[in-house]
Structures are given as structure tokens and as C-alpha cells.
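Chemist: sequence and predicted structure, then a few things I'm wondering about:
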Amino acid sequence: MVTAVQLDVCLITGSYAGLDQPHRRGVSHVIMDRSIDQQRLVDTARDAGANVRLILQGKVVPLPAGIDATSQARTAFGFSPDGRMLACAIGEQLWIVPYPAGTPRRMTVSNVSHASWMPDNRRLVLTINGSDRSTLSMLDTITGDHRVFHAAPDNILEARVSPDGTRLAYWTERSLTQIVEISVADGRVRPVRAGSGAVWAPSGARYLFYTDRGIEEAAGAGEDLSRRVVIPSGDIGVGMPRWAPDGTQFIVSAVPSSRPQQLMIANSSGRMVPLDSSAPGATGPYGVWTPEGLVVYSRATGDQKEEVARIRPGSTAAPQILATYPMADQKRRVPMASSSDGKWILAWSVGLGAQLYLMTSDYAHEQLLSSDRLNVESIGFSRDGRELMTIRRNTSAGGARWQLWAVDATTGRERLVTGVDMPDSIDRVFGFSLHPDGTRILAATFGQQSDIWTLEGFDR
């Protein structure tokens, strides 16, 4: 019976380290290995002709026949316990190279990300990561017999055999995107559910969000249940919902795999219709509601230009064009959000070094937001529209790793609202939806969660 045990304490690179955090950040190497002969160093490099070289003890060893010397991927996994065999991968091929002399042998197993020798100097424990799962397997390098003894949905990055061959130590990593609720008063973070793009309804009693299942709706008082209100069909993906001011409908970004992106108007019945059926090209990615129930959005034209337009959903009138830009022009201003008083539209410029701007509602005037506190991925207006609030990573030595800042829309004055109590595993915060009462924010987080495991009973 194969048994996997998750570790809270593990031997890492020769020393014990406590791993008592629910998210283990920075785990980069797990070793349960024999002493290493420092005179038997192995490496791979490239010569002046960009061909792969295998280097043992500082000397170039001829590559085995049949190896693609121009391969980009090459890894030396390590010597057998007796020092007579080297396991290495060049390209997708796994090779066993005798040392100091002998005929290299190519194994039939490919796409190996890591290999660790068993004490018998003959078998290897292989780590192989596929598109839908990762596996640990045993390979007999003499007979070629290969069997999988463990599979996991998470990415297995490395497995090492203990010196006596009875245990494995390995670590897994998975990406986690999660909606969180952040308290404006003290920065406390409450995990809500998997998903992203969460936006409060004008009533504050519920919110929309999206997953690969479509657009979903949930109550805002810690309710675990949700219901799908827009179910994608065929090759269409949907996301980025935005509520109308009256709460009766919302904008959805629909992305077909073979057609341009389109902004759609939807409601809780799941019915969707194009926001601008007359648009000659793509619309979006965002649609911004004004307090009067109009939508400001970008749309591509057929002559390599992009327009910023304003339209009333359901109206038969043509959209009002507020601005026109050449498609390659970095002065394009993509609308992102509207202030509650309708005075300002927050927009960002495309291209390298994207910047944020405040645009008047008619796009006639703009004001550059020069504060380096602003995070373009997580930003929105305060309840009264006087400030821009943003969740950003703190790059200074002191204070919380993530912080909530507010920048005055008129004067540019910055103030730290609070530190945000994010786990260390969070690499990115995106999305921003302030509750109508101004007390809490919905956002999404992305991070890598790592866990260390031991495995016994695999050599049977």
C-alpha cells in the first residue's frame, strides 16, 4: 500500500525547518539523499556553436550518439549511489551515461522532470508532469520496465529517495485564484471562494463573479452557495461582469475562440444580447456604467482605429463617439471605472509603461495620475468619488506586504488606509469592487501553494 503523508516539518537541504504556515512560500528544494562526492561534479552548458555539452569534473564528455545537441532543455539528475551511472535528460530524452566510460543508453520514457536513484544502482524514481496530472514512477534502467505508483492533480516538482530506499520526499505546487473580502477599516482578509472578477450589486446584498463555469451569483453574507446566471455555450468564454446602477442587468465580456471579443448585456435569466450590435469589430474589454445608465466602452473599427463610445443599452440610436485613436497609438485611453457622481472616468493607456488617467465624462479633458501607489490591476473609486483606492504590493522595507492606499483625485494627495493581511503565498491582487456602504472590498488573489509530502510503500 502506497501512503502519502503531508509534512509540517521536513529535512530540507540538510537541516530541519518548521513549515507551520498554511501556504508554504519559497520551498525550492527537498533532499533525502546520500553524501555527494564533490570531485564528481556534473553540469550542462553550450559551446560557441550553441550545441549542448556534458561536463564531468570540469571536462567535456562527448554526447551519446542520437542526442539532439541543439536541444534547449537539458538536465543532469545525478549519479547512482556507486557513482558509475549518470541519469540525465537532454531534450525530451532520458539517458543513462556510464562513468567514466561505457556506452550511453537511451530510455524509452520521455518528458521526465526529475529522477532519483534507488540504492540498488539500477532503478530510478521518475517525476513526470502531464497536462492533467503528475506521476511518480519506477524505472528499471536494465530491463526498461516502467510502472506508475502514484498520481496527483497538483504539479510534482521533485521527488527524492531516502538513502535506505524506503521513503520518498517530494513537494507539490498548485496555482490558486481566490476571491477575498477585505475590510477597509483594518485590512482583515476573509477568503470567500474560488473565482475572480467579483462585483457587488448596487444593493450590496449579492455579488457576481466568474469561473470557468460561467457568470455566477452569490449572496454577500458569507453564503457558500452560488447559482450560475450565464452559462457559456460552445467555444465562448465569459467574464468581467459589471452591474448596472439599478441592479437589473449587467455587462459581460464574451470571448469566442474564433471571433472578436464582444461586450454583452445580460440579466439574471441568463439571456445575453450584444451591447453594440453595430460595432464593426471587437468591443471591450471593459464596459463602464455611468450613473445615468449609459455604458462607456472601447470598440475597434474596420480601419485600424479604436473608438471610445457611449451608448444606452437597448436603445436603437447609434452610439455617441467620444474619442478616436489609431490602433497603434499608445495615447489610447481604455475606460475602466466611473465615479459615483459621474464626473470622472478612470482610464488606462495601452502599451509599454501603461499609465492611469482621469477623463472627464465626455472624454474632452484628461488628467494624468502620477502616483506610484496605484496598482492598475486593483483600483477603483471611493464611495464619494473623491479618491482612488488601490491595493498594491509594498516594496519598502517596513509595513505589511500588501497595503490599501487612497489617492485624492483632485490634488493627488496620498494616504495609507491600512495594511492588508494577505498570506505570504499571494503574488498578485487584481479586481476591485467597493461595497455600497464603503466598508469592504471584493478582490481576487493569485498565488502558488506548496506542500511537502513523504511517501512510503512504493517499492513493492
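Modeler: Looks like it arrived, so ask away.

Chemist: roughly how far does Val350 sit from Thr283?
Modeler: Here the criterion is C-beta to C-beta, to the nearest Å. By it, Val350 lies 15 Å from Thr283. Backbone N, C-alpha and C define where each C-beta goes, glycine included.

Chemist: neighbour count: those two, which is higher?
Modeler: Using other C-beta atoms under 10 Å, the more surrounded residue of Val350 and Thr283 is Thr283, with 29 against 17.

Chemist: tell me the pLDDT at the more buried one?
Modeler: pLDDT for Thr283: 91.

Chemist: contacting residues around it?
Modeler: Shown in contact with Thr283 (C-beta atoms under 8 Å, 6 or more residues apart in numbering): Pro260, Gln261, Gln262, Leu263, Pro274, Leu275, Asp276, Tyr297, Ser298, Arg299, Ala300.

Chemist: burial count for the nearest residue to Gly144 once chain neighbours are set aside?
Modeler: Distance criterion C-beta to C-beta, 6 or more residues apart in numbering; nearest residue to Gly144, sequence neighbours excluded, is Thr108 at 5.8 Å. Look at Thr108: counted by other C-beta under 10 Å, it has 9 neighbours.

Chemist: list the contacts of stretch 300-308.
Modeler: Contacts for stretch 300-308 (C-beta under 8 Å, 6+ apart): 260, 279-283, 296-299, 321-328, 332-333, 335, 363.

Chemist: kindly check the end-to-end length of that stretch for me.
Modeler: The first residue of stretch 300-308 is 9 Å away from its last residue (C-alpha to C-alpha, to the nearest Å).

Chemist: if you count neighbours, what's buried in it?
Modeler: Neighbour-count burial for stretch 300-308 flags Ala300, Lys305, Glu306, Glu307, Val308 (criterion: 16 or more other C-beta atoms under 10 Å).

Chemist: ok, now stretch 214-231?
Modeler: Across stretch 214-231, burial judged by 16+ other C-beta under 10 Å covers Gly214, Ile215, Glu216, Glu217, Ala218, Gly220, Ser226, Val229, Val230.

Chemist: again with stretch 436-443
Modeler: Arg440, Ile441, Leu442, Ala443.

Chemist: now the strands: where do they sit in the stretch 251-400 of the chain?
Modeler: Using DSSP state E, counting those that start in this stretch, the strands found in the stretch 251-400 of the chain span residues 262-266, 272-274, 283-289, 295-300, 305-311, 320-326, 333-338, 344-349, 356-360, 366-369, 379-381, 387-393.

Chemist: partners of the fourth one, with directions?
Modeler: Partners of strand 295-300 in the sheet, by DSSP bridges, are strand 283-289 (antiparallel), strand 305-311 (antiparallel).

Chemist: quick one: mean pLDDT over that strand.
Modeler: Strand 295-300 comes out with an average pLDDT of 94.

Chemist: and the angle for it with strand 344-349?
Modeler: 20 degrees (axes from the mean of the first three to the mean of the last three C-alpha atoms, to 10 degrees).

Chemist: sorry, back to before: now the residue nearest to Gly144: phi and psi?
Modeler: phi -80, psi -10 (degrees, to the nearest 10).

Chemist: and Asp437, how far is that from Ser203?
Modeler: 11 Å.

Chemist: cool, Asp424 as well?
Modeler: Distance of Asp424 to Ser203, computed by C-beta to C-beta: 35 Å.

Chemist: can you check Glu414 too?
Modeler: As judged by C-beta to C-beta, Glu414 and Ser203 stand 32 Å apart.

Chemist: the two: which has the busier surroundings?
Modeler: With neighbours defined as other C-beta under 10 Å, Glu414 and Ser203 compare such that Glu414 has more, 16 against 10.

Chemist: pairing partners for the more buried one in the sheet, please.
Modeler: Assessed by DSSP bridges, Glu414 has beta-bridge partners Val407.

Chemist: got the contact list for it?
Modeler: Here Glu414 is in contact with Ser371, Arg373, Trp405, Ala406, Val407, Asp408 (C-beta under 8 Å, 6+ apart).

Chemist: right, and the fifth one touches Asp372 too?
Modeler: No: in terms of C-beta atoms under 8 Å, Val407 does not count as a neighbour of Asp372; the distance is 10.1 Å.

Chemist: more neighbours: which of those two?
Modeler: With neighbours defined as other C-beta under 10 Å, Val407 and Asp372 compare such that Val407 has more, 21 against 9.

Chemist: how about the nearest residue to Phe432, chain neighbours excluded?
Modeler: Leaving aside its sequence neighbours, Phe432 sits nearest to Gly380 (C-beta to C-beta, 6+ apart; 4.0 Å).
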